[in-house]
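Q: next come a sequence and a model predicted from it.
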Amino acid sequence: MTATVPPGSELLGHMALGEPEFETRITESLIATEKRLLDCVSSAPDPRVAALTAHLAAAGGKRLRPLLVLLGAEFGESFRDGVTEAAVIAEIVHISSLYHDDVMDGATMRHGVQSVNARWGERLAVAGGNWLLARAARLASGLGPEVVRFNAEVASLLVAGQLGELMGPGPDEDPVAHFFQVTEGKTAALFSMATAIGALQAGAPDRYCRALTEYGKQLGVAFQISDDLLDLDAPAARTGKEQGKDLMAGVPSLPVLLARQDTSPEGAELRELLADGPVEGAGARRRALELFRASPAPARARDLLHGRLDAARAELALLPQCPARRALDALCGYVALRTG
């Protein structure tokens with residue numbers, strides 16, 4: 001990550017609003033956030049621990065959550081102390097969840113580099129994720145009780161979502177409803193936190209904080225659906241992780257759950273391939289991906305994604321017209337475009 005390639009460049013490219021002053025301010029804030037982020041994740045006294053905890057942050061990423069913090073702050077006094085720190089907190093909590101997710105999924109790649117669990121082992125990956133969560137909590141303690149409360153709630157929701165994903169739906173629970181419950185905790189809660197603490201730290205009115213919180217929730221669910229579709233449909237060179245990782249690991253993503261509901265002969269074959277959990281063998285994996293792509297599931301998942309984006313945009317209507325509102329709307333367009 002260098003000054004010539006600002007963090008969040010991919011997202012900023014989708015937010016070309018013809019607002020040079022606004023775009024320069026956000027870019028400079030992202031650069032300041034990146035510097036502080038890398039300082040924080042590599043602050044362990046033991047250089048071996050610092051290498052572990054800084055690994056994914058140093059590999060880069062979209063930096064969507066810090067961007068949401070900075071955009072939320074635009075609805076108050078974005079220059080206030082603590083806004084950059086709030087953006088760092090959101091990204092550290094996110095990165096910590098990736099350490100744990102990759103252990104759960106047995107992933108070997110993340111952001112185009114070797115995953116932490118593949119390089120250091122599962123035990124150190126879990127401990128590294130825990131270290132990052134503790135680092136975020138320490139940073140939050142310096143921003144006051146409301147940010148501490150947000151951080152604690154999101155950490156609880158993340159863990160509950162991860163447990164829900166591991167345990168699966170109950171005997172009488174609808175798997176699709178269970179997916180949304182898990183996603184609202186595991187993914188969307190952090191989006192809500194990001195937009196909310198940015199506005200909160202900048203002293204935005206309560207009604208704006210409420211609208212931004214709900215916007216973040218809906219955007220987060222849509223983002224997870226798009227991630228699930230990309231996992232099954234995009235090459236590793238594009239996503240930075242192996243194609244079909246969730247399918248191979250037996251993770252019941254929304255598209256997979258919808259494909260299992262297909263009553264055609266192809267749907268029955270896919271259910272049989274998925275019946276025993278992880279899909280083993282290159283041939284079985286290739287066939288499962290073929291069956292998925294030919295099923296109605298991708299189109300149904302995209303319909304649900306767009307419904308969530310419509311709900312997010314409805315919350316934006318409650319906010320004043322300004323470059324940040326237009327940027328948040330552009331992010332909805334970005335999520336829609338990710339999967340075509």
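A: That came in fine, so what should we check first?
Q: which residue ranges of the stretch 101-250 of the chain form helices?
A: When assigned using DSSP state H, counting those that start in this stretch, the helices of the stretch 101-250 of the chain occupy the ranges 116-120, 122-141, 145-167, 175-183, 189-201, 206-233, 236-239, 245-249.
Q: deepest of the ones you listed, which one?
A: Highest mean neighbour count among the helices of the stretch 101-250 of the chain (mean count of other CB atoms under 10 Å): helix 189-201, with a mean of 29. All C-beta atoms are positioned from the backbone trio N, CA, C, and that covers glycine.
Q: could you give the separation of that helix from the chain centroid?
A: 13 Å (CA atoms, centre = their mean, to the nearest Å).
Q: can you name every helix or strand that it contacts?
A: Identification of packing neighbours for helix 189-201 by 3 or more CB pairs under 8 Å, 6 or more residues apart in numbering; DSSP states H and E yields helix 64-73, helix 83-105, helix 145-167, helix 206-233.
Q: just the CA trace of that helix, in PDB.
A: The C-alpha trace of helix 189-201 is given here as PDB (Å, rounded to 0.1, in the frame of the first residue of the first chain):
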ATOM      1  CA  ALA A 189     -23.600  -5.700  12.400                       C
ATOM      2  CA  LEU A 190     -20.100  -4.400  11.500                       C
ATOM      3  CA  PHE A 191     -21.400  -2.400   8.600                       C
ATOM      4  CA  SER A 192     -24.000  -0.800  10.900                       C
ATOM      5  CA  MET A 193     -21.300  -0.100  13.500                       C
ATOM      6  CA  ALA A 194     -19.100   1.500  10.900                       C
ATOM      7  CA  THR A 195     -21.700   4.000   9.600                       C
ATOM      8  CA  ALA A 196     -23.100   4.700  13.100                       C
ATOM      9  CA  ILE A 197     -19.800   5.300  15.000                       C
ATOM     10  CA  GLY A 198     -18.600   7.600  12.200                       C
ATOM     11  CA  ALA A 199     -21.800   9.700  12.600                       C
ATOM     12  CA  LEU A 200     -21.700   9.400  16.400                       C
ATOM     13  CA  GLN A 201     -18.000  10.500  16.700                       C
END
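Q: now the angle from that helix to helix 145-167?
A: Here helix 189-201 runs at an angle of 180 degrees relative to helix 145-167 (axes from the mean of the first three to the mean of the last three CA atoms, to 10 degrees).
Q: check what pLDDT the closest residue to E165 other than its chain neighbours gets.
A: Spatial nearest neighbour of E165, excluding adjacent residues (CB to CB, 6 or more residues apart in numbering): V182 at 5.0 Å. Note on V182: pLDDT of 95.
Q: separation between V182 and L200?
A: Here the criterion is CB to CB, to the nearest Å. By it, V182 lies 26 Å from L200.
Q: quick check: phi and psi at P171.
A: Backbone geometry at P171, expressed as degrees, to the nearest 10, gives phi -60, psi -40.
Q: any idea how far it lies from L230?
A: P171 is 31 Å from L230, by CB to CB.
Q: let me see the contact set for A155.
A: Each residue near A155 by CB atoms under 8 Å, 6 or more residues apart in numbering is listed here: V93, L133, A136, A137.
Q: I should have written G168 there, sorry.
A: Contacts of G168 (CB under 8 Å, 6+ apart): P175, H178, P252.
Q: hmm, L166 and the second one touching each other?
A: No - with contacts defined as CB atoms under 8 Å, H178 does not count as touching L166, sitting 11.9 Å away.
Q: pLDDT weak spots in this structure?
A: Within the chain, the ranges that satisfy pLDDT under 70 run 1-6, 234-250, 340.
Q: what sits closest to the residue positioned nearest the centre of it if chain neighbours are left out?
A: By CA atoms, centre = their mean, the chain has its centre lying nearest to T187, at 5.5 Å. Once flanking residues are discounted, T187 sits nearest to Q224: 4.3 Å by CB to CB, 6+ apart.
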